[in-house]
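Asks: Sequence and predicted structure are below.
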Amino acid sequence: MAIDIAHEKYPGSIYAVEIGAAKAEGGSRESVIKVGGETTLPFLFNEGAIPNPPVVGLEVFDCEPLEWPEGLTREFGDCLKDPIRWAKRCVGEFGAKLLCVRLMSVHPDWGGRSSNDAVGFLKALLGEIKTPLIVLGCGDAQKDNEVLAKASQVVRGERCLFGIATQGNYKTLAASCLADGHSIIAESPIDVNIAKQVNILISDMGFSPNRIVMHPTTGSLGYGMEYVFSIMERARLAALAGDKMLSMPFILFTGQEVWRVKEAKESATLGLEWEIATATAMLHAGANILIMRHPKAAMEVSKFIDVLMKKE
Amino acid sequence: MTVIGELVNGMYKAVGKAIKDKDKTVIQKCAKDQARSGATFLDVNTGPYSKNPIDDMKWLVETIQEAADTPLSIDSTKLDVVEAGLKLAKKRSMINSTNADDEKMDAVFSLAKKYNAQVIALTMDRSGVPNDRMRRIEMAAKIVTKAMEYDIRPEDLFIDPIVLPVNVAQSQGQEVLESIREFSHLSDPAPRTVVGLSNVSQGTKVRSLVNRTFLIMAIANGLSAAILDPLDKELMDAMITAELILNKNIYCDSFLDACRKR
């Protein structure tokens, strides 16, 4: 006798967020990326719709990265000294469909260059690269409020995804993004309660929920990944049960986390595998956007997403 | 939690007068206020003084739907009035209500099937309101069985154990609360449960407090829906908090706002 498999049916769905604006929409991107929109847990095609596959983005800085392990720098070689060339390689050679630009150079520990210079770089990059963009600050709240406000204006109308807003510092960035038509990354410290709270605070400023992406904070394999996984799972189940203030797609900065752990620093091979393993695990936790650093890891994970999305 | 707003009822003076005068603004404000305050259904009752309840029901349903898109709970003991409301309702409605008499259930469940409506079923019959939990459970079982015959899913069935005023039937509070818990064991999936909340405080001097306290106790016993006044903000806040404590929603500092945004 055939066994009838029970299928879960969820009343909720994840908001679909678009990154990038094409010419017709007032931007200059050659493609638009859509994430989210699913009505079920990851890759359970029998239980609901998964209209948009997860997407992998590569990360570039606006200056030469400090203290990147050799396993990572040797993949890029000389171009790390020239961020525009670096970005072009990511798109042209490594096939990145999404680019995450980190304006690190304004950080006091990274040379502290003026925000105008950093924004000048972003403007130049915008002309050279036609993929949708994610734009991040340097992690110093004061510097970020200054540089991201200017950056937001420079890429006005391009529907970028800007980050990072936190419970303690979201108003300046949210106001800029609202004014210039961008989406925003809402971060919480591996805490589902705070994640929900930040989403509410940002929504209260007039942000439509389909312009918010959640960053639950990332953990690498062996360094808290399971905890992040369980928090994401809890948030996703609540979202699918109808909690609108947790129904935003997830972004994870996998590359950033992996390449600072001991194993990745010590061995290039292990680092590559570590990044692939962490990223693929996070796909199953519900990651919609993975920001990666090693181009081969990014390509492998993209291929794996294609396999998963074939619905077999 | 399914919140059925009780305010569009001809029994209330202002609403009764608005029905008589065909004054849309009063009804529409009442509907919008309730929807904005968290009602997931709006009860529609022409009241005891309506001379032409069929026409009044039609007018009420059309008037409300011009202002709010909340689903309706069509409230009448008369089947032709209920059908008149169901015919015009744009969203999936609820019938309020049937009792546990066979003929009544046959008629109401047929209508529910025809219009794909959910149903409130009272655990009382022509012999009257039961005064203990056993009798309530017996009638609930009868209702669930009958609903199955009409292919009405348990999750579309809201069983009402009949709440009585605490100042006249004090012993019934606990019987009702226990009944709510027991009803959930009648089938799998379980039928849902509903109370006409305001009844519990009828004639008391602190109605809002009595309503609020009873609602929380009922929620703790597994209640899934209530007919109540959604404009009572303290009541709604307490309800949201009770569901939070039962881990039905994820906590955040603005959990009251978060719940209202749903």
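Replies: Everything's here; your move.

Asks: Now A:Arg85: closest residue in space, sequence neighbours ignored.
Replies: Counting by C-beta to C-beta, 6 or more residues apart in numbering or on different chains, A:Cys79 is the residue found nearest to A:Arg85 once chain neighbours are left out, at 4.3 Å. In short, each C-beta sits where N, CA and C put it, glycine included.

Asks: Tell me how far that neighbour lies from A:Cys63.
Replies: Distance of A:Cys79 to A:Cys63, computed by C-beta to C-beta, to the nearest Å: 13 Å.

Asks: List every C-alpha atom in stretch A:93-102, with coordinates, as CSV.
Replies: C-alpha atoms of stretch A:93-102 as CSV (Å, rounded to 0.1, in the frame of the first residue of the first chain):
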residue,chain,number,x,y,z
GLU,A,93,35.6,36.1,-14.6
PHE,A,94,33.9,34.7,-11.5
GLY,A,95,30.3,35.2,-12.8
ALA,A,96,29.0,37.2,-9.8
LYS,A,97,25.4,38.2,-10.4
LEU,A,98,25.4,40.4,-7.3
LEU,A,99,28.2,42.5,-5.8
CYS,A,100,28.5,43.6,-2.2
VAL,A,101,30.6,46.7,-1.8
ARG,A,102,32.1,47.4,1.6
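
Asks: Can you mark which positions in it are buried?
Replies: By 16 or more other C-beta atoms under 10 Å in any protein chain shown, the buried positions in stretch A:93-102 come out as A:Phe94, A:Ala96, A:Leu98, A:Leu99, A:Cys100, A:Val101, A:Arg102.

Asks: Among the residues you listed, find me the one that's closest to B:Asp151.
Replies: The closest of these to B:Asp151 turns out to be A:Leu98 (C-beta to C-beta; 49.4 Å).

Asks: how about the closest residue in space to the closest one that isn't next to it in sequence, phi and psi?
Replies: Spatial nearest neighbour of A:Leu98, chain neighbours left out: A:Gly57 (3.5 Å); criterion: C-beta to C-beta, 6+ apart. Phi and psi for A:Gly57, reported as degrees, to the nearest 10, are phi -120, psi 150.

Asks: so what's A:Gly57 up against?
Replies: Counting by C-beta atoms under 8 Å, 6 or more residues apart in numbering or on different chains, A:Gly57 touches A:Ala96, A:Lys97, A:Leu98, A:Leu99, A:Cys100, A:Ile134, A:Ile289, A:Leu290, A:Ile291, A:Met292, A:Ala298.

Asks: I'd assumed A:Phe61 was in contact with the fifth one.
Replies: Meaning A:Cys100. No: the criterion here is C-beta atoms under 8 Å, and A:Cys100 misses it with A:Phe61 at 9.7 Å.

Asks: Now list whatever residues contact both of those two.
Replies: Shared contacts of A:Cys100 and A:Phe61 (C-beta under 8 Å, 6+ apart): none.

Asks: if we can go back for a sec, compare neighbour counts for A:Cys79 and A:Cys63 and give me the winner.
Replies: Counting neighbours by other C-beta atoms under 10 Å in any protein chain shown for A:Cys79 and for A:Cys63 shows that A:Cys63 has the greater number, 21 against 17.

Asks: ok, now which ones touch the closest residue in space to the more buried one that isn't next to it in sequence?
Replies: Excluding the flanking residues, the one nearest A:Cys63 by C-beta to C-beta, 6+ apart is A:Ser105, at 3.9 Å. Taking C-beta under 8 Å, 6+ apart, we find A:Ser105 in contact with A:Phe61, A:Asp62, A:Cys63, A:Gly111, A:Gly112, A:Arg113, A:Asp117, A:Ala118, A:Phe121, A:Cys138.

Asks: can you pull the contacts of whichever residue of the stretch 151-262 of chain B sits closest to chain A?
Replies: As assessed by C-beta to the nearest C-beta, chain A sits closest to B:Cys252 within the stretch 151-262 of chain B, at 3.7 Å. Counting by C-beta under 8 Å, 6+ apart, B:Cys252 touches A:Asn193, A:Ile194, A:Ala195, A:Lys196, A:Gln197, A:Ile200, A:Met245, B:Ala258.

Asks: For the fifth one, what is the enclosing helix or strand?
Replies: So that's A:Gln197. Per DSSP states H and E, A:Gln197 falls inside helix A:192-204.

Asks: for that helix, which positions count as buried?
Replies: By 16+ other C-beta under 10 Å, the buried positions in helix A:192-204 come out as A:Val192, A:Ile194, A:Ala195, A:Lys196, A:Gln197, A:Val198, A:Asn199, A:Ile200, A:Leu201, A:Ile202, A:Ser203.

Asks: if I look at the residue positioned nearest the centre of chain B, how far off is B:Thr193?
Replies: By C-alpha atoms, centre = their mean, chain B has its centre lying nearest to B:Ile227, at 3.7 Å. The gap separating B:Ile227 from B:Thr193 is 12 Å, by C-beta to C-beta.

Asks: I'd like to know how far the residue nearest to A:Arg85 sits from chain B.
Replies: According to C-beta to the nearest C-beta, to the nearest Å, A:Cys79 and chain B sit 43 Å apart.

Asks: Please read off the pLDDT at that residue from the model.
Replies: On the pLDDT scale, A:Cys79 is placed at 95.

Asks: residues contacting it?
Replies: Each residue near A:Cys79 by C-beta under 8 Å, 6+ apart is listed here: A:Arg85, A:Trp86, A:Arg89.

Asks: mind running it again at 10 Å?
Replies: Listed by C-beta atoms under 10 Å, 6 or more residues apart in numbering or on different chains, the contact set of A:Cys79 reads A:Val60, A:Glu64, A:Arg85, A:Trp86, A:Ala87, A:Lys88, A:Arg89, A:Cys90, A:Glu93.

Asks: want to throw those into JSON lines with pLDDT and secondary structure?
Replies: Shown next, in JSON lines, are the contacts of A:Cys79 (pLDDT from 0 to 100; DSSP: H, G, I helix; E, B strand; the rest coil):
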{"residue": "A:Val60", "pLDDT": "97", "secondary structure": "strand"}
{"residue": "A:Glu64", "pLDDT": "95", "secondary structure": "coil"}
{"residue": "A:Arg85", "pLDDT": "97", "secondary structure": "helix"}
{"residue": "A:Trp86", "pLDDT": "97", "secondary structure": "helix"}
{"residue": "A:Ala87", "pLDDT": "97", "secondary structure": "helix"}
{"residue": "A:Lys88", "pLDDT": "97", "secondary structure": "helix"}
{"residue": "A:Arg89", "pLDDT": "96", "secondary structure": "helix"}
{"residue": "A:Cys90", "pLDDT": "97", "secondary structure": "helix"}
{"residue": "A:Glu93", "pLDDT": "96", "secondary structure": "coil"}
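
Asks: distance between the ends of stretch B:140-156?
Replies: Stretch B:140-156 has an end-to-end distance of 14 Å (C-alpha to C-alpha, to the nearest Å).

Asks: Leaving out sequence neighbours, find the closest residue to residue 20.
Replies: Went with chain A since none was named. Nearest residue to A:Gly20, sequence neighbours excluded (C-beta to C-beta, 6+ apart): A:Pro132, at 2.7 Å.

Asks: not quite, I wanted chain B
Replies: Distances taken as C-beta to C-beta, 6+ apart place B:Tyr49 nearest to B:Lys20, at 8.0 Å, with adjacent residues excluded.

Asks: tally of neighbours for that neighbour?
Replies: Count around B:Tyr49 with other C-beta under 10 Å applied: 13.

Asks: Which of the helices or strands spans it?
Replies: Take DSSP H and E as the rule and B:Tyr49 turns out to sit in neither a helix nor a strand.

Asks: distance of it from chain A?
Replies: Note on B:Tyr49: its distance to chain A, by C-beta to the nearest C-beta, is 40 Å.

Asks: What of B:Ala89?
Replies: To chain A, B:Ala89 is 21 Å away according to C-beta to the nearest C-beta.

Asks: That residue contacts B:Gln118, correct?
Replies: No: judged on C-beta atoms under 10 Å, B:Ala89 makes no contact with B:Gln118 at a distance of 11.6 Å.
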